[in-house]
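> no FASTA, just this:
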């Protein structure tokens, strides 16, 4: 799996005096060791790091750091590496996008040794028109991802912290459709949010309304 510059640049940005880098803990190499806290930076799929987290959490405090690009620049390079064009991506990441990855590991939040930190960032993605990319990218492959700026950081230390994603004006009983409408998101994302909150024990199913699941805060 390709490790882009984004990973090492976040690690450099995140570390403070006294931190140790690339430390072997049990059978794994950990990005940052801060006292007794193990810090892992994951810029891709949570499922790729799930086994590692489960093992480390048995005897250690672990924090997973994950970036979401609020602002992204797309840089197109020629095969020879020359700049073709640079443009701002129309896609703007939001905090709720976290749930697209969290669906792979929602139950970890119930572990008292686990915490999750989201960095809201500005990112640059370098692409090359080399004919090697996936069919979706029409022969354009991603060569690197770079950190340009960190706008904000949000830490989640337990299931109750994730209830902040629910709008304050939400009724006691709600469906995925209602949640999507209130938050201005897709039903697909609303389903991922309620799935994660259920696995964390933050909400529970109370029944059905017209074949839609009804939820309430636990």
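Sure thing, it's come through. Worth saying up front: this structure is predicted, and the values here are computed from it rather than measured. Numbers count the residues shown, from 1 in each chain.

> low pLDDT regions in this protein?
For the chain, the stretches flagged by pLDDT under 70 are 1-2, 131-138.

> tell me where it has helices.
Under the criterion DSSP state H, the chain contains helices at 5-14, 50-56, 99-102, 176-183, 187-200.

> so which of those helices comes closest to residue 153?
helix 5-14 (9.1 Å; C-beta to C-beta). Bear in mind the C-beta positions are built from the backbone N, C-alpha and C, glycine included.

> dump the residue contacts of the closest residue to residue 78 other than its chain neighbours.
In this structure, residue 78 finds its nearest non-sequential neighbour in residue 84, 5.6 Å apart by C-beta to C-beta, 6 or more residues apart in numbering. Contacts of residue 84 were listed using C-beta atoms under 8 Å, 6 or more residues apart in numbering, and they are 76, 77, 78, 129.

> taking the residues you listed one by one, which sit in strands?
76, 77, 129 (DSSP state E).

> tell me the contacts of the closest residue to the second one other than its chain neighbours?
Yep, that's residue 77 we're talking about. In space, and not counting its chain neighbours, residue 77 is closest to residue 128: 4.9 Å by C-beta to C-beta, 6+ apart. Shown in contact with residue 128 (C-beta under 8 Å, 6+ apart): 76, 77, 78, 79, 81, 140, 141, 143.

> give the contact list for the third one.
Taking C-beta under 8 Å, 6+ apart as the contact definition, residue 78 lies against 84, 128, 129.

> any idea how far residue 216 is from it?
56 Å (C-beta to C-beta, to the nearest Å).

> contacting residues around the closest residue to residue 192 other than its chain neighbours?
Distances taken as C-beta to C-beta, 6+ apart place residue 99 nearest to residue 192, at 4.3 Å, with adjacent residues excluded. Applying C-beta under 8 Å, 6+ apart, we find residue 99 in contact with 189, 192, 193, 196.

> could you do residue 160 as well?
residue 202.

> again, only using 10 Å
Contact analysis of residue 160 by C-beta atoms under 10 Å, 6 or more residues apart in numbering lists 109, 200, 201, 202, 217, 218.

> can you tell me how far it is from residue 197?
Distance from residue 160 to residue 197, by C-beta to C-beta: 10 Å.

> where do the contact lists of the two overlap?
Counting by C-beta under 10 Å, 6+ apart, the shared contacts of residue 160 and residue 197 are 109, 217, 218.

> which of the contacts of residue 99 are buried?
Among those, those buried by neighbour count (16 or more other C-beta atoms under 10 Å) are 189, 192, 193, 196.

> care to break the protein down by domain?
5-157, 162-218 (automatic domain parsing).
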